[in-house]
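> Sequence plus the predicted model coming up.
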Amino acid sequence: MKHKSFVPLVFAVLFAIFFLGLILFRIPFPLYPLLNYQDVIDLLTPLVLIPLYWVMFRYTDGEESHDSEQIVFMVLASLWVMGHGMHLAANSIDNLAEGLAKKQVLDIIGTDIYKLTYFLDEQLSHYIWHLGIAGLTALLIYRGWRHAAAEKVTWWVTITAGVILGISYFAIFDEGQTVPLGLPFTFIITLLTLIWGRKRLTQQPILAFFAIACMVAFVVLAVWGLVWGGFPEILDVI
């Protein structure tokens, strides 16, 4: 894509679709009814988003990146994919177990099998996955901080993309119950940006995009916590 400012917008929209929109596709998959469309479409998530992370990684530096930075990217991308894969499998089994229990076909809720599945689905996978997300965000911010881009920021595009991704970050940190990771992370990025990074934002579309996303996520998380006196999951209070 020619203009770097539009790459974050594509990424933000696809991120929102894969992380938030797929909940609308909990419909049995005809070819294998134990799965649903959400599970099948979710197989594409890392195949679509990880290459876009790499495109932004390359865009934040016109020169060849250091081997150490590429290794860090691969480690963080591996965490991202590991967490996603664990969540995809465990969440599918978790949904099936809850569905069978509601239909009074088979109730394993309360058993060790369900407890292990729930732990992998709602706890371990979320922290591994979201650590990968936060890590890749930090890496791209770091690279954008170091190198000015040849192209100026198209602000309406960058702000729109940043708001979309920021709301998505809020949703995944809250709904995934990884606020202990997401809140301090977005706060640190927000603080660093406001104190030292304001002038740099105009020089690098990727930096501006992720900085705005973190600021939006922090503000919404903070307001959410104050309003509810904690961080209830969105679906529990809507």
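Everything's here; your move. Numbering: from 1, shown residues only.
> going forward, measure contacts between C-alpha atoms and count neighbours the same way
Noted.
> list the helices and strands the helix or strand where residue 190 lies packs on?
Assigned by DSSP states H and E, residue 190 belongs to helix 179-192. Helix 179-192 is packed against helix 125-146, helix 155-175, helix 205-228, with contacts defined by 3 or more Cα pairs under 8 Å, 6 or more residues apart in numbering; DSSP states H and E.
> Switch these over to JSON lines; also include mean neighbour count, mean pLDDT and distance to residue 84.
Compiled in JSON lines, these are given as follows (neighbours: other Cα atoms under 10 Å; pLDDT from 0 to 100; distance: least, Cα to Cα, whole Å):
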{"stretch": "helix 125-146", "mean neighbour count": "21", "mean pLDDT": "95", "distance to residue 84": "6"}
{"stretch": "helix 155-175", "mean neighbour count": "22", "mean pLDDT": "96", "distance to residue 84": "12"}
{"stretch": "helix 205-228", "mean neighbour count": "23", "mean pLDDT": "96", "distance to residue 84": "21"}
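> Quick one: closest of those to residue 236.
Checking the helices and strands packed on helix 179-192 against residue 236 by Cα to Cα gives helix 155-175 as the closest, at 9.2 Å.
> Determine the set of other helices and strands touching the helix or strand hosting residue 100.
Per DSSP H and E, residue 100 falls inside helix 67-102. Under the contact criterion of 3+ Cα pairs under 8 Å, 6+ apart, helix 67-102 touches helix 37-42, helix 45-59, helix 112-118, helix 125-146.
> hmm, which helix or strand of this protein has the shakiest average pLDDT?
Between all helices and strands in the chain, the lowest mean by mean pLDDT, DSSP states H and E belongs to helix 198-201, at a mean of 80.
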